Structure formats: structure tokens, C-alpha cells
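Asker: Pasting the sequence and the predicted model now:
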Amino acid sequence: MTMKSNHALHLAILLAVGASPAWSLNEYAGTSGANFMKLGQGSARAMAIGRAYVALAEGTDAIVWNPAGLALTQQKELSYSYLAYVENIGSPLYFAYAHPIGRSVWGANVGYLSVEGPDASIDARDANGIPLNNQELVIRNAFGTLGVGRSFWYEKLFLGGALRFIHDDVAGSVRDVVVGDVGVLIRPNNVLSLGGAVQNFGSDKANVATIGRVGAGLRLSDFVTLAFEVNKASDDTARIGVGGEFQLPEEYLEVGQVAVRVGYYNADHTGFSYNPTLQNLNLDRSTGLSFGLGVFTSRIFGYGLGLDWAFVPAGALGSITQISAKVKF
């Protein structure tokens, strides 16, 4: 295979793996490397509320969305997440850990995505657009992050930073790169939260796209939280996410917290789904809507245990499901 055709194969697979629910209908999407970094691994809660999470990120979730949110971690926290993406692409491995030390909190995560074999659902083509059928296509993508967050100004200002190693191996085209994240959270009161982050900076766009995020969270009561975010990747147009979370606190249920979530992300339209379940739910034409549930209890053997689930219809591409579990101790 020539260098030109190998490059075309690389881009075709990146488009199939997708960057975010913007997927590949945008002419700029997928033109950078390591697009798997925009899949949304690590937090089903964030995905359920339309990715509007930069101002709400906390605990181990913050390592992916805004490192400043690490400083909100009150206990040691360990989490695992499983992502089932479109076209049978999945990430079975994602672990994260956060460890408070005084006013600072250190955190780390690791994630892995692999698609292998001739049966992998990847529309790979050569430089002339001809499908590369019956070829052994291998994708092995991984990343690891080390971050820290710290509180200031009587716990109204939170700052964070992180270093991330990214390994991007698509059909033998390998890139290894180290990039950085910085983030800020401002919480002047118990109602309003403002957040911003710049992620994956310090490398050329050909290796990985830099992402900027700004947003706000509004806690209307003990039961209702709203969120808004604008994000812009260096290989895509600006995207808007909005979401809401209705939560029954633990003191009302006596056994734990239950949260119902819904969100919207202005993804490009990807066609209609012929899945009968989505058709019965009138979600076969939906692109960008997201739904989720969460449960948390602190009453099992003295540990805090949480489980979150997110579901995102993706039109003709299928659907996205993510499950996250965490323990606080």
C-alpha cells in the first residue's frame, strides 16, 4: 500500500471511529489525529446531559472534562467506564482514580480502544475511494492522564492541570504524543458554577485536536440542575450542549440518590434509523438527544457506590451506550 493510500485509509477509519456526535458529515471532522479522544469516554453522566459538563465536572470524571473539578473530590475515588459506540466500536477499558491530599487532589486515568479483524465495522477505502474488503484492519488506541486540582479563595475558585500521553495506532500508522490540559472552575455560591478548559494543547493538529470548552451550571434546587456548554475543537465547528438533571437526594429516599437526565448536543444529522425499538420510541430521526439514569448510595459497607447509564440515539449509525461505575472510600 502506498503512503498516499495509507493516509487515505487512516482518514477513512478516523471518520468511521468518529470524533464526537458531530461524526463525519462536517467537512473538517476527522482531519486531525487521535479523534478517539473526543468520543466522551469516562463519564456516562456527562454524555447523558448533552456533554454540557465543563462547569459540573468533579471527581474522577473531571480528569476527562475539566481538571479543575478534581479539587472538588472529598474522598478517594475509583471509577470504571464502558463505552459502546456506533458501528460496533467499543472501549472496554477505562479506569480512573482521584486522591485528595489537603487542598490538592491528584488524579489519573487510562483508557484503551481496539478494533481488529476483517469483520470490524469500518468503512475503510483506498486513495481512490475503493472499499478495502477482507483486509486485516487493526486499531489500537490508548491514553493515560496524570492531573492535579487545587482550591483557592475559600473554595470558590478551583484550578487544575494535567499531562496526557496518547497512543494512536490506525492500520500501522502510529502517532505517540504528550499534550496538556488546563481548567478553571468558579463557584461564587451554591447556585452558580462557571467553568472553562483547554484540552490536548501542545501538539500539532495532525496528531490531536485541541479542544476549548466554556460553560455554566445552575443548581435551581436540591432536585434540579441545569447545564450549558460551548466547545470548539481545532478540526471542527463550535458545538453547543445543554442538559438537565432531576435528582432525589439521599435524605428523601433513605437508601440512596436517584437521578434522571436528559440533554441535547447539536450534532450533524446522520439519517434515519431502522431500529424498531427506536422507531417505537419516536427516536429514529433523533441525532443529538441524550438520556440517562444514575443511582448512588453511601450505605453499603460504609462506601459510596454509584452507577450511571447514558443512551444517545445516532440516526442511521445506530446508538451509543455508556455505563460508568464508581466507588468512594
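Answerer: Now that the structure is in, tell me what you want to look at.
Asker: what sits against Arg239?
Answerer: Residues counted as contacts of Arg239 (C-beta atoms under 8 Å, 6 or more residues apart in numbering) are Ser20, Ala22, Arg51, Val230, Asn231, Lys232, Ala233, Tyr265, Asn266, Ala267. Just so you know, the C-beta spots here come from the backbone N, C-alpha and C atoms, and that holds for glycine as well.
Asker: tell me which residues form a beta bridge with it?
Answerer: Assessed by DSSP bridges, Arg239 has beta-bridge partners Asn231.
Asker: Tell me the first helix or strand C-terminal of the one helix or strand in the chain whose mean pLDDT sits lowest.
Answerer: Taking mean pLDDT, DSSP states H and E as the measure, the chain has helix 3-17 as its least confident helix or strand, at a mean of 40. Counting by DSSP states H and E, the next helix or strand C-terminal to helix 3-17 is helix 44-48.
Asker: That following helix packs against which elements?
Answerer: Applying 3 or more C-beta pairs under 8 Å, 6 or more residues apart in numbering; DSSP states H and E, one finds that helix 44-48 contacts strand 257-265, strand 289-300, strand 303-313, strand 319-328.
Asker: Would you mind writing the CA trace of that helix as CSV?
Answerer: The C-alpha trace of helix 44-48 is given here as CSV (Å, rounded to 0.1, in the frame of the first residue of the first chain):
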residue,chain,number,x,y,z
ALA,A,44,-21.9,8.5,31.5
ARG,A,45,-23.3,11.4,33.4
ALA,A,46,-21.6,13.9,31.1
MET,A,47,-22.8,12.1,28.0
ALA,A,48,-26.4,12.0,29.3
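Asker: residues making contact with it?
Answerer: For helix 44-48, contacts defined as C-beta under 8 Å, 6+ apart pick out 40, 53, 56-57, 61, 64-65, 81, 243, 245, 259, 261-263, 290-294, 308-312, 320, 322-324.
Asker: let's see it at 6 Å
Answerer: Here helix 44-48 makes contact (C-beta atoms under 6 Å, 6 or more residues apart in numbering) with Gly40, Tyr53, Trp65, Arg261, Ser290, Gly292, Asp308, Trp309, Ala310, Gln322, Ile323, Ser324.
Asker: now those residues: which count as buried?
Answerer: Listed as buried from the contacts of helix 44-48 are Gly40, Tyr53, Trp65, Arg261, Ser290, Gly292, Asp308, Trp309, Ala310, Gln322, Ser324; burial here means 16 or more other C-beta atoms under 10 Å.
Asker: How much space separates the nearest residue to Ser104 once chain neighbours are set aside from Asp61?
Answerer: Ranked by C-beta to C-beta, 6 or more residues apart in numbering and with sequence neighbours excluded, the top spatial neighbour of Ser104 is Arg150, at 4.6 Å. Distance, Arg150 to Asp61, by C-beta to C-beta, to the nearest Å: 17 Å.
Asker: neighbour-wise, which of these two wins?
Answerer: Asp61 (29 against 17; other C-beta atoms under 10 Å).
Asker: Around the spatially closest residue to the more buried one that is not a sequence neighbour, how many other residues sit close by?
Answerer: Counting by C-beta to C-beta, 6+ apart, Ser43 is the residue found nearest to Asp61 once chain neighbours are left out, at 4.1 Å. Ser43: 29 surrounding residues under other C-beta under 10 Å.
Asker: again, but for Val105
Answerer: 28.
Asker: Contacts only, for it.
Answerer: By C-beta under 6 Å, 6+ apart, the contact list for Val105 reads Leu70, Ala71, Thr73, Ala98, Gly149.
Asker: Out of those residues, who's the most crowded?
Answerer: Leu70 (34 neighbours).
Asker: In three-state terms, how would that one be classified?
Answerer: helix (DSSP: H, G, I helix; E, B strand; the rest coil).
Asker: Quick check, pLDDT for it.
Answerer: For Leu70, the pLDDT comes out at 97.
Asker: residues contacting it?
Answerer: Here Leu70 is in contact with Ala62, Ala98, Val105, Gly107, Gly147, Gly149, Gly160 (criterion: C-beta under 6 Å, 6+ apart).
Asker: Make JSON lines out of these and add distance to Ser173.
Answerer: What follows is these, written out as JSON lines (distance: C-beta to C-beta, whole Å):
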{"residue": "Ala62", "distance to Ser173": "31"}
{"residue": "Ala98", "distance to Ser173": "34"}
{"residue": "Val105", "distance to Ser173": "37"}
{"residue": "Gly107", "distance to Ser173": "31"}
{"residue": "Gly147", "distance to Ser173": "28"}
{"residue": "Gly149", "distance to Ser173": "35"}
{"residue": "Gly160", "distance to Ser173": "32"}
